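In: With the input below, show me the fold.
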Amino acid sequence: MPQPPRPVPNKYPNIVLIGRTNAGKSTLFNRLTDAGHAIVSPIPNTTRDQNRALVHWKGFSANLIDTGGLDMSSYDPLDQEIRKQVDQALAEADALLFVVDGLGDLMPQDREAALFLQKSGKLIVVALNKCDSIRLRHQAIATFASLPLREQVPCSAKNGTGTAELLDAAFALIPQHATKIEERSSVHVALVGQPNVGKSTLFNALLGEPRVIVSPLPHTTRDPHDTLLEYNGRFYNLIDTAGMRRKTKVGKGHDGMIEVLSVRGTKEAIGRADVVVCVIEADKRISHQDKALFDYIKMKGKSFVLAVNKWDLIPNKTPSTMNEYFKYYSRHFDFSPQTPIIFISALEHQRTTAMLDLVQTVYDFQRHWMEQKELDGIVRQIMSRQPKERRQGFAAKPKRDLVISGLNQYSIQPPRFILLTPRPKNVAPAVIHAIEKAIRDRCPYDGVPIYLDVSQTMPKS
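Out: Numbering: from 1, shown residues only. Reported below is the predicted structural model:
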């Protein structure tokens, strides 16, 4: 019986960034890791879930974990969810970087958080952030001298001043015998879709733990979240992303700015994905934005799986219900009968692992090399047409016959083919469509874009 998916632990120690809102944790995270994934803005609680990336320093490595703003006294539901995420990161921490705003006064929230962290028994360095000059460094040291945490390092996440000393202090607290883990080849899988279609619920369902916050509020997820997952002996880098919607619906001001940055992060995640899982809701009709997102995935040349979520909300299902829904999606998305669609319920964990199986199948498809004899057979099929038919339908210039020298595949991910002909301009679109159809008839490229170039010569490798 196959084992359920599980997050893959690594052997690196964990350094956790903790502090109140707008102390500069995400800016510091981006500075130390060069990841650039964490959205930075002046709005409180921009960061809500954990951001994780590797930080390398003087031959050693550690996981750096960015957390949401810590507010010990708030009863706001979102603040309470952030607190749960902070507690989870705290439990995993080998060392803490307590980030404070070195430009401001010592706030009661800072002192309260310092006492809370001190009780955790973790090793702690205080990062006096926003100290962009020597004068500000001295000022911050004097301001925060009364904190019960004695290890303090003035720094500036903005310009990098003092970050070397901060890394020295942090790495001095963690085990130096930590060895670099074996590099694993993994399939990068991005979960994308409109706000509140259930991407974060699906992400948590696959991990088997609440790694990201789930809320009915739109745009609860803002930063892309990467987690390495093992399933059936294969490794998957699962990327949860922010919801994407039409530009006309994006708000103004700071909230709109954060949403724009979130969407930018989602597009970046699509760009680095091997397979994109496009999540839609079974209980809602296809929208313009669903189509626009799917068109964007195709435009980027990405392999995909369509995951129809919230299948548990569809009443009175019969054996033909899935087929009826498939026909509906095929009409709106211009799908082929082989399009990889799966009907899931992230909330009920229904067919979520089967979705991973489908992702792996699509990934294997995009790495498939066709045998040359199959490609030669396609050429024979095309050339077997009568000359008159070839001239009328397959030649751009009807008075000149179509000549094909060969058909070859020259790359994978995505599969790329080249049609060799002495007269490329005489190849009409009809012959391109006929060859693409013949390729798909012979090979399982379901959910995978294929490209066919026309040239006199093979491309240079």
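In: Please make it C-alpha for all contacts and neighbour counts, starting now.
Out: Fine.
In: Where do the helices of the protein begin and end?
Out: Applying DSSP state H to the chain gives helices spanning 25-33, 77-92, 108-119, 134-143, 163-171, 199-207, 253-272, 288-299, 321-333, 352-366, 372-383, 387-389, 429-442.
In: The last one packs against which elements?
Out: Which is helix 429-442. Identification of packing neighbours for helix 429-442 by 3 or more C-alpha pairs under 8 Å, 6 or more residues apart in numbering; DSSP states H and E yields helix 372-383.
In: average pLDDT across the helix it packs on?
Out: For helix 372-383, mean pLDDT rounds to 92.
In: what's the answer for stretch 228-237, then?
Out: Averaged across stretch 228-237, pLDDT comes to 89.
In: And stretch 343-362, by the same measure?
Out: Here the average pLDDT along stretch 343-362 is 95.
In: Ok, stretch 436-451 next?
Out: 90.
In: Using PDB, list the CA coordinates for that stretch.
Out: Presented in PDB, the C-alpha positions along stretch 436-451 are these (Å, rounded to 0.1, in the frame of the first residue of the first chain):
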ATOM      1  CA  GLU A 436       1.100  18.100 -34.300                       C
ATOM      2  CA  LYS A 437      -2.000  16.000 -34.300                       C
ATOM      3  CA  ALA A 438      -0.100  13.000 -35.600                       C
ATOM      4  CA  ILE A 439       2.500  13.500 -32.800                       C
ATOM      5  CA  ARG A 440      -0.200  13.600 -30.100                       C
ATOM      6  CA  ASP A 441      -2.000  10.600 -31.600                       C
ATOM      7  CA  ARG A 442       1.200   8.500 -31.200                       C
ATOM      8  CA  CYS A 443       2.600   9.800 -27.900                       C
ATOM      9  CA  PRO A 444       1.000  10.600 -24.500                       C
ATOM     10  CA  TYR A 445       1.600  14.400 -24.300                       C
ATOM     11  CA  ASP A 446      -1.600  15.000 -22.300                       C
ATOM     12  CA  GLY A 447      -1.400  18.400 -20.500                       C
ATOM     13  CA  VAL A 448       2.000  19.100 -22.200                       C
ATOM     14  CA  PRO A 449       2.600  21.800 -24.800                       C
ATOM     15  CA  ILE A 450       4.600  20.700 -27.800                       C
ATOM     16  CA  TYR A 451       6.400  23.000 -30.200                       C
END
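In: Show me which positions of that stretch end up buried.
Out: Across stretch 436-451, burial judged by 16 or more other C-alpha atoms under 10 Å covers 436, 438-439, 444-451.
In: Please apply the same query to stretch 76-96.
Out: 78-86, 89-90, 93-96.
In: Max pairwise distance over the buried residues of stretch 436-451: which two?
Out: Spanning the widest gap among the buried residues of stretch 436-451 are 438 and 447, at 16.0 Å by C-alpha to C-alpha.
In: Look at residue 202 and report its pLDDT.
Out: pLDDT recorded at residue 202 is 92.
In: shouldn't residue 155 be in contact with residue 162?
Out: Yes - look at residue 155 against residue 162 with C-alpha atoms under 8 Å: they come within range, at 4.2 Å.
In: Looking at those two, which one has more neighbours?
Out: Between residue 155 and residue 162, counted using other C-alpha atoms under 10 Å, the more crowded position is residue 155 (28 against 20).
In: Bridging across strands, which residues link to the closest residue to residue 61 other than its chain neighbours?
Out: Excluding its sequence neighbours, the residue lying closest to residue 61 (C-alpha to C-alpha, 6 or more residues apart in numbering) is residue 55, at 5.7 Å. Applying DSSP bridges to residue 55 gives these bridge partners: residue 62.
In: ok, residue 100 - contacts?
Out: 19-20, 23-24, 110, 126-129 (C-alpha atoms under 8 Å, 6 or more residues apart in numbering).
In: Would you convert the residues you listed into JSON lines that also reports pLDDT, neighbour count and distance to residue 417?
Out: As requested, the contacts of residue 100 are exported to JSON lines (pLDDT from 0 to 100; neighbours: other C-alpha atoms under 10 Å; distance: C-alpha to C-alpha, whole Å):
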{"residue": "19", "pLDDT": "90", "neighbour count": "28", "distance to residue 417": "53"}
{"residue": "20", "pLDDT": "87", "neighbour count": "23", "distance to residue 417": "54"}
{"residue": "23", "pLDDT": "89", "neighbour count": "24", "distance to residue 417": "52"}
{"residue": "24", "pLDDT": "89", "neighbour count": "26", "distance to residue 417": "49"}
{"residue": "110", "pLDDT": "90", "neighbour count": "22", "distance to residue 417": "61"}
{"residue": "126", "pLDDT": "96", "neighbour count": "25", "distance to residue 417": "57"}
{"residue": "127", "pLDDT": "96", "neighbour count": "33", "distance to residue 417": "54"}
{"residue": "128", "pLDDT": "97", "neighbour count": "29", "distance to residue 417": "56"}
{"residue": "129", "pLDDT": "96", "neighbour count": "30", "distance to residue 417": "53"}
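In: number of nearby residues for residue 353?
Out: 18.
In: residues in contact with the closest residue in space to residue 137 that isn't next to it in sequence?
Out: Nearest non-adjacent residue to residue 137, counting by C-alpha to C-alpha, 6+ apart: residue 131, 5.1 Å away. Going by C-alpha under 8 Å, 6+ apart, residue 131 touches 102-103, 137, 140, 154-156, 161.
In: Let me know the closest of those residues to residue 29.
Out: Proximity of the contacts of residue 131 to residue 29 (C-alpha to C-alpha) peaks at residue 156, which lies at 11.6 Å.
In: What distance do you get for that closest one to residue 127?
Out: Separation of residue 156 from residue 127 (C-alpha to C-alpha, to the nearest Å): 9 Å.
In: Having no further points to raise, I will conclude here.
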